[in-house]
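Colleague: Give the three-dimensional model of this entry:
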Amino acid sequence: MGSQGPLEADREGRADRAGRFGRRGRPASLLVAVPVLLLLAGCSGGAGGDNSGTENRKAPSADGGTEAGDGAGASDAPTLPEPDPARLPTTRAAALDLIGRVIAGPDSFGPGVVKRSPYESGPATWPVLGADCVWKQEKPADTVLATRTRSFEVPAAPGKGPIRLAAVVTVHRTREDAAWEMAESIEETMRCPTQQLTADEQIGGMVAGALLGGETGQRNAEDALTETGEYRSAALGGPHHYSWQQAQTYQVTVAVSAKGAEGRTDEEIDALVTEAQAAMLVRLETAVGKRG
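Modeller: Purely as a prediction, here's the structure:
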């Protein structure tokens, strides 16, 4: 993000925005509608006439490759084990401890990734996408026990610009609050297919996909979102590939983003995001799962 660090407004540290939605309802009803809404987002997000809107909703099934919409349901795949209630945080101190054990470090992405400065965000504010589709900082909602964002990069090399990376873990007070964060993330993409990250950075042409736990082999989270698009900045030019993943398990959400640069392939950028996201989900299940 140019010179942007985790203290500045950006979607990478986003969390629940309950205030814009008034009284909370049941998040499952909104999440069930996600596949249809995302197909529309893919058609209207400026990604072109290919099948990219549906390609991002594909994942291998437990029996060898069923696509979303082919009749595969949550009952066809194993579900996540229930956590140990005694290991789920109920205080801010416990939430910060859990975040410290789960959140990605440079090695979570693979070789060649280093810390950026500033490395970690402070707890006083978090990013919110305004009605004008511009990210800004606001006070954290009271539904959150704790949240933390870290910034990384793959340094520039001959013929290649830097890849800017971020990881965020948010611990909500309840499982429902975490599910609402996921639902509201979908709303953001539908509402703002083009988003202003900072004064000199923008993402657009957003294409999103979602899988609930158990759908087409999605077995490492209760809910998972993927977004790709085009990143532009005054410092790095563009358009370059943009990739973002977010997942929710229990009362916790984890997310990773990557902003591409000249000479970097889409596959290289996506692999960094997937690697770190998987590492955090494994750590989360280890941290709060029932011990044998």
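
Colleague: contacts, neighbours, all on C-alpha from now
Modeller: Fine.

Colleague: where does the stretch 51-200 of the chain dip in pLDDT?
Modeller: For the stretch 51-200 of the chain, applying pLDDT under 70 flags the ranges 51-80, 123.

Colleague: where do the helices sit along it?
Modeller: 52-55, 92-102, 175-191 (DSSP state H, counting those that start in this stretch).

Colleague: which of those sits most buried?
Modeller: Most buried of the helices of the stretch 51-200 of the chain by mean neighbour count (mean count of other C-alpha atoms under 10 Å) is helix 175-191; its value is a mean of 21.

Colleague: Mind giving me the packing neighbours of that helix?
Modeller: Judged by 3 or more C-alpha pairs under 8 Å, 6 or more residues apart in numbering; DSSP states H and E, the packing partners of helix 175-191 are helix 27-32, helix 34-44, strand 201-212, strand 223-233, strand 237-249, strand 252-259.

Colleague: Switch the helices of the stretch 51-200 of the chain over to CSV; also include distance to Gln248.
Modeller: Below are the helices of the stretch 51-200 of the chain laid out as CSV (distance: least, C-alpha to C-alpha, whole Å):
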stretch, distance to Gln248
helix 52-55, 22
helix 92-102, 13
helix 175-191, 7
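
Colleague: Identify whichever of the ones you listed lies nearest to Glu138.
Modeller: helix 175-191 (15.5 Å; C-alpha to C-alpha).

Colleague: I'd say Thr149 and Trp126 touch.
Modeller: No: with contact defined as C-alpha atoms under 8 Å, Thr149 does not count as touching Trp126 (9.4 Å).

Colleague: Check the gap between Ala141 and Trp180 for me.
Modeller: 12 Å (C-alpha to C-alpha, to the nearest Å).

Colleague: what's the answer for Lys115, then?
Modeller: Taken as C-alpha to C-alpha, the span from Lys115 to Trp180 is 30 Å.

Colleague: same question, Leu225
Modeller: Distance from Leu225 to Trp180, by C-alpha to C-alpha: 13 Å.

Colleague: now do Thr274
Modeller: 23 Å.

Colleague: do the same with Pro111
Modeller: Counting by C-alpha to C-alpha, the gap from Pro111 to Trp180 is 34 Å.

Colleague: if I look at Leu145, how far off is Gln195?
Modeller: Remark: distance between Leu145 and Gln195 (C-alpha to C-alpha) = 27 Å.
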